[in-house]
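In: task: produce atomic coordinates for the following.
(one chain, ligands or ions: 2)
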Amino acid sequence: MAAPMEALYGGNKEEHPEPIKAEVRGQLPTWLQGILLRNGPGMHIIGDSKYNHWFDGLALLHSFTFKNGEVYYRSKYLRSDTYNCNVEANRIVVSEFGTMAYPDPCKNIFAKAFCYLSHTIPEFTDNCLINIMKAGDDFYATSETNFIRKINPQTLETLDKVDYNKYVAVNVTTSHPHYDSAGNILNMGTSIVDKGKTKYVLFKIPSSVPEQQKKKSCFKHLEVVCSIPSRSLLHPSYYHSFGITENYIIFVEQPFRLDIVKMATAYIRGVTWASCLAFSKDDKTWFHFVDRKTKKEVSTKFYTDAMVFFHHVNAYEEDGHIIFDIISYTDNSLYDMFYLKNLNKDFEDNTKLTSIPTCKRFVVPLQFDKDAGVGSNLVTLPSTATAVKEKDGIYCQPEILCEGIELPRINYDYNGKKYKYVFATEVQWSPVPTKVLF
Ligand SMILES: CC1=C(/C=C/C(C)=C/C=C/C(C)=C/C=O)C(C)(C)CCC1
Ligand SMILES: [Fe+2]
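Out: Ligands and ions are numbered 1, 2, ... in the order given. Next up is the predicted model:
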């Protein structure tokens with residue numbers, strides 16, 4: 001088993017900036033034309049230094065160009081400031097999720113990293129390794145920090161560095177933005193201890209800018225849609241995605257949280273960002289619904305038991321209810337599983353998930369009988385999910401749709417609408433996906 005694990009997670013991948021013609025078995029439909037862009041970690045060793053976690057690896061961009069039945073593959077490392085500084089110093093000099101590093105004292109563009117005493121939140125990495133975002137006609141490599149990097153989708157070259165913080169006060173963001181029917185981006189980020197408040201900010205980036213302002217970037221036209229105050233100033237929720245329906249934005253405030261005091265002192269203590277995340281298994285998970293038209297949050301308090309989740313699958317509205325599907329866990333063992341020291345030949349012993357990914361459907365009634373008694377289930381749709389009226393709000397329990405799936409995708413034309421199909425990888429108790437499910 002050593003070989004496939006090495007191939008999947010270990011070593012440094014070679015880049016192939018020039019197109020390589022792929023061998024096509026069978027025939028590709030002629031309508032299949034365009035470029036498929038992918039992103040992910042590709043380099044985990046720099047000089048004598050190694051990253052600790054798979055999510056730390058330097059971003060390697062991939063493209064598959066489909067043209068007249070042929071496929072061409074290319075790959076290129078994102079030339080982030082992080083990449084350039086690391087390569088120049090021949091060691092890891094920028095901290096990532098699971099690796100704390102100290103800047104090169106001579107050539108230090110990350111000067112702010114040492115200003116941790118005056119800045120609550122230190123400067124983060126621009127190693128955008130998680131996803132690709134489309135903003136109008138432009139493409140950006142993204143991660144979960146305030147930085148994104150524009151890329152050339154044809155050549156995979158690295159272009160401008162955009163700091164969200166110049167346009168909206170957010171320190172971390174999701175790498176799973178949504179798009180509306182006009183191609184505008186909707187994304188969320190957390191504004192940490194800004195003017196004494198910590199909040200979750202929902203923002204919109206227009207897909208096009210007025211003709212006379214063509215020189216300005218679409219980020220200059222970024223609009224804050226709404227902000228949701230965090231339940232805790234110093235322990236905001238960590239989130240990897242959010243949901244939308246035709247009329248609502250769904251934000252799940254889970255008790256898997258960032259500890260801001262720990263983050264602000266991480267450099268002094270020499271600990272990683274990952275160690276600043278903690279799950280409180282006895283707390284509640286709160287649901288927030290924002291009306292997309294009025295930009296106001298639904299005032300009813302909805303909650304469920306503690307959980308950890310990363311991916312929303314899809315969500316929709318039916319008969320006065322919001323129905324949303326997520327893949328959740330009963331603990332935070334998923335991120336721990338990806339420490340590279342465990343992803344070796346003994347991975348089967350080292351990387352047991354202690355919680356299996358479970359696809360859950362919550363059915364939340366927005367219109368219900370206000371005089372219903374405490375203890376009554378307000379769900380009127382045929383589902384085993386419940387939403388029980390309690391004194392302090394509405395306690396929701398999900399219907400279990402299935403177990404053992406992750407990395408869900410849907411036909412995005414059905415985003416926010418009632419849907420039938422999910423494409424996902426089958427994940428049992430180890431980090432090696434074995435099947436694609438449909
Ligand atoms: C660097 C950095 C972060 C990075 C998070 C990453 C890199 C998460 C990757 C998640 C993935 C790949 C999930 C897949 O389901 C945080 C924690 C936001 C906080 C501060 C700095
Ligand atoms: Fe993801």
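In: from here on, just use CA atoms for contacts and neighbour counts.
Out: Fine.
In: tell me the secondary structure of residue 268, please.
Out: helix (DSSP: H, G, I helix; E, B strand; the rest coil).
In: what strand or helix carries residue 85?
Out: helix 81-89 (DSSP states H and E).
In: so residue 34 makes contact with residue 68?
Out: No. If you go by C-alpha atoms under 8 Å, residue 34 and residue 68 don't touch, sitting 9.9 Å apart.
In: pick out the residue of the stretch 301-438 of the chain closest to ligand 1.
Out: In the stretch 301-438 of the chain, the residue that lies nearest ligand 1 is residue 310 (5.7 Å; C-alpha to the nearest ligand atom).
In: remind me which helix or strand the residue lying closest to residue 138 once chain neighbours are set aside belongs to.
Out: Leaving aside its chain neighbours, residue 138 sits nearest to residue 150 (7.2 Å; criterion: C-alpha to C-alpha, 6 or more residues apart in numbering). Assigned by DSSP H and E, residue 150 belongs to strand 147-151.
In: go on, residue 226?
Out: strand 223-229.
In: ok, then the element right after that strand?
Out: strand 243-244.
In: which strands and helices sit next to that following strand?
Out: strand 248-253, strand 308-318 (3 or more C-alpha pairs under 8 Å, 6 or more residues apart in numbering; DSSP states H and E).
In: turn these into TSV, including mean neighbour count and mean pLDDT.
Out: Formatted as TSV, these follow (neighbours: other C-alpha atoms under 10 Å; pLDDT from 0 to 100):
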stretch	mean neighbour count	mean pLDDT
strand 248-253	22	98
strand 308-318	22	98
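In: now do the same contact list for residue 332.
Out: When contacts are counted by C-alpha atoms under 8 Å, 6 or more residues apart in numbering, residue 332 is found next to 256, 279, 308.
In: ok, now how distant is the second one from ligand 1?
Out: Relative to ligand 1, residue 279 is positioned 13 Å away (criterion: C-alpha to the nearest ligand atom, to the nearest Å).
In: tell me the confidence at that residue?
Out: For residue 279, the model assigns a pLDDT of 97.
In: what sits against the residue of the stretch 51-200 of the chain found nearest ligand 1?
Out: Per C-alpha to the nearest ligand atom, residue 97 is where the stretch 51-200 of the chain lies closest to ligand 1, at 4.2 Å. Residues near residue 97 by C-alpha under 8 Å, 6+ apart: 53, 55, 56, 272, 273, 274.
In: distance of it relative to residue 253?
Out: Distance, residue 97 to residue 253, by C-alpha to C-alpha, to the nearest Å: 21 Å.
In: same thing with residue 412?
Out: Distance, residue 412 to residue 253, by C-alpha to C-alpha: 24 Å.
In: for this protein, give me the ranges with low pLDDT.
Out: 1-7, 104-121, 214-215, 345-352, 429-438 (pLDDT under 70).
In: next to ligand 1, which bits of it? Give me the list.
Out: Residues of the chain lying close to ligand 1 by C-alpha under 6 Å from any ligand atom are 55, 96, 97, 124, 130, 144, 145, 172, 273, 310.
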